[in-house]
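S.K.: got a structure for you, letters missing:
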């Protein structure tokens, strides 16, 4: 059996890897989790070591003596990219998981602008593989594995949404993300949420809940809410520590920009409206391929999309797409890891 070092900084990578670690342990492998940033809290129950408290990542790799290093792909942190370099220097195979459908190449560019690739990359579906291969930059081996976190959560949330009926006042959830910082958009998430609230004010009573991104402070959104006190018929809530799962269960419509939460909502059959300042494919082109997702780029399109979503019920997602993403995803990711270990 093998020794696997898992590492993550961002919550997306941490979530995708979390279900695989117990599977690896049950298969007889030794697992050593390391984390910093948002991933540290996500992996608290796995007794992950805090990378900020290490003497160095190199010493941690030396002490752990892993057969494989498996990481997330964070943009803001250099931790995972540093581990790939250490793996290259020491002859340890490195694997990175891409936990979403956006920003493929940027995940492998370090702070100096240099490209650094692991030995293998695990992606969610064939659509991701085709996009990466078409971009022409990837020299790493690519495995299509699904998304273990979505496999677990969709199973729970689908059962809890079954049989629900809409309340008299419809509930919309806006999943925020720092689009100006991450995507370089001219407009930001506060603009997008504001456009939603203004459009709702002309439609009728609604409850609009903002789910801040893990990197955002709820207080910033509460100050934003103060600018919309005069908008009639719209009750604005700022979610605190609410689990996204609870928000999915009670939402009639999910909105945002290009968060993976929008795709998760679509898989649950919830109507989705994505506000794309740069038009279709400006943020997450995968959203443009899914039935039940409406792209709005201006106030007129947004108003029509909201009226349609609020007038209808749940939608029927593409069963083939959902199956590819969630079917045995944990086992498929572990199989890819073991295949790299045996290579």
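M.R.: Done, it's in. Everything numeric in this text was worked out from a predicted model, so none of it was measured. Residues are numbered from 1 along each chain as shown.

S.K.: who does whatever helix or strand residue 15 lives in touch, helix- and strand-wise?
M.R.: Taking DSSP states H and E as the criterion, residue 15 maps to helix 11-17. Packed against helix 11-17 by the contact rule (3 or more C-beta pairs under 8 Å, 6 or more residues apart in numbering; DSSP states H and E) you find strand 3-8, helix 38-42, strand 93-97, helix 148-161. All C-beta atoms are positioned from the backbone trio N, CA, C, and that covers glycine.

S.K.: Show me what counts as buried in the helix or strand following it.
M.R.: Per DSSP H and E, the first helix or strand lying C-terminal to helix 11-17 is helix 20-26. Residues 20, 21, 23, 24 are the ones in helix 20-26 that count as buried (16 or more other C-beta atoms under 10 Å).

S.K.: Equivalent analysis for stretch 253-260, please.
M.R.: The neighbour-count check on stretch 253-260 (16+ other C-beta under 10 Å) flags 253, 254, 255, 256, 257, 258, 259, 260 as buried.

S.K.: right, and the fourth one touches residue 270 too?
M.R.: The reference is to residue 256. No: contact criterion C-beta atoms under 8 Å: residue 256 and residue 270 do not qualify, at 11.7 Å.

S.K.: TSV for the buried residues of helix 20-26, including pLDDT and distance to residue 50?
M.R.: Formatted as TSV, the buried residues of helix 20-26 follow (pLDDT from 0 to 100; distance: C-beta to C-beta, whole Å):
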residue	pLDDT	distance to residue 50
20	98	21
21	97	17
23	98	24
24	98	21
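
S.K.: can I get the helices and strands packed on helix 11-17 in CSV with mean neighbour count, distance to residue 317 and mean pLDDT?
M.R.: Output for these, formatted as CSV (neighbours: other C-beta atoms under 10 Å; distance: least, C-beta to C-beta, whole Å; pLDDT from 0 to 100):
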stretch, mean neighbour count, distance to residue 317, mean pLDDT
strand 3-8, 26, 28, 98
helix 38-42, 21, 26, 91
strand 93-97, 26, 23, 98
helix 148-161, 18, 10, 93
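
S.K.: May I see these organised as JSON lines, with distance to residue 133 added?
M.R.: Shown next, in JSON lines, are the helices and strands packed on helix 11-17 (distance: least, C-beta to C-beta, whole Å):
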{"stretch": "strand 3-8", "distance to residue 133": "25"}
{"stretch": "helix 38-42", "distance to residue 133": "28"}
{"stretch": "strand 93-97", "distance to residue 133": "16"}
{"stretch": "helix 148-161", "distance to residue 133": "23"}
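
S.K.: Quick check: which ranges of this structure have low pLDDT?
M.R.: Residues of the chain meeting the criterion pLDDT under 70: 180-186, 242, 278-283.

S.K.: Give the residue farthest from the middle of it.
M.R.: For the chain, the largest distance from the centre (C-alpha atoms, centre = their mean) belongs to residue 230, which lies 33.5 Å off.
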